[in-house]
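J.: Fold the stuff below for me.
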Amino acid sequence: MKLVSYNIQYGKGQDNIVDIERIVGEIQGADVIALQEVDRFWPRTGMVDQVQQITERLPEYYWVYGAGVDLHCSQSPPHENRRRQFGNMILSRYPIESSRHHLLPKLGSIGPLSIQRSAIEASIKPCSYKLRIYSVHLTHLSSQTRARSGLYLTNRKGGDGISTRNNRWEPFRTDRAVVSILSRRGQP
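T.: Numbers count the residues shown, from 1 in each chain. As a prediction, the model looks like this:
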């Protein structure tokens, strides 16, 4: 299984150009894709819905999105109810059986870069076992907050009654995506 985790920084490349097409070219072909910093309706990205742009270019993937920042878009009339959002996304070639959005612990800070961080969780079943995939965007401002977020995620043991071999939840990390095997019936 090919897993890609990518902080797309709202689609902005090293050349400072926002180009979702370029991002999609880099991630397509993976079985599971965890994205961070995906925008919806922000002036810096031309007021576009990057979730829609990505999913239109990758129609063969199932997907979930969770916003850490969710604000009223002042240019939106009531019948559209657009939300200015900034968050994480998971795309999967396998059906996403369930998903949950987690707002991560945050220590008080009022600085301009101290935004609410979050994780989007997706449960997929690529074969005889389930995988729980997280797309996580941790803060760079506070090691204490990162540590609390890490503890929050590693202490999450379900709620769906699914256990692992030896009844332990054993994640491994690939950059910002945390993957764990939830249940196994037979060998993969």
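J.: I figured S5 was touching V32, is that so?
T.: No: counting by C-beta atoms under 8 Å, S5 sits too far from V32 to count as a contact (9.1 Å). All C-beta spots, glycine's among them, are computed from the backbone N, C-alpha and C.
J.: Quick check: which ranges of the chain have low pLDDT?
T.: Residues of the chain meeting the criterion pLDDT under 70: 108-114, 157-188.
J.: so what does the longest helix along the chain touch, helix or strand wise?
T.: Looking across the chain with DSSP state H, the single longest helix is helix 143-155. Helix 143-155 sits against strand 129-136, with contacts defined as 3 or more C-beta pairs under 8 Å, 6 or more residues apart in numbering; DSSP states H and E.
J.: May I see the buried residues of the strand it packs on?
T.: Within strand 129-136, the residues that qualify as buried are 129-136, counting by 16 or more other C-beta atoms under 10 Å.
J.: Would you mind getting the angle between that strand and helix 143-155?
T.: Strand 129-136 runs at 170 degrees relative to helix 143-155, counting by axes from the mean of the first three to the mean of the last three C-alpha atoms, to 10 degrees.
J.: Alpha carbons only: can I get strand 129-136 in CSV?
T.: The C-alpha coordinates for strand 129-136 follow below in CSV (Å, rounded to 0.1, in the frame of the first residue of the first chain):
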residue,chain,number,x,y,z
TYR,A,129,-8.2,-5.9,8.2
LYS,A,130,-9.1,-2.3,9.0
LEU,A,131,-6.7,0.6,9.0
ARG,A,132,-7.3,3.8,10.9
ILE,A,133,-5.6,6.7,9.1
TYR,A,134,-5.1,10.2,10.6
SER,A,135,-4.1,13.3,8.8
VAL,A,136,-2.7,15.5,11.5
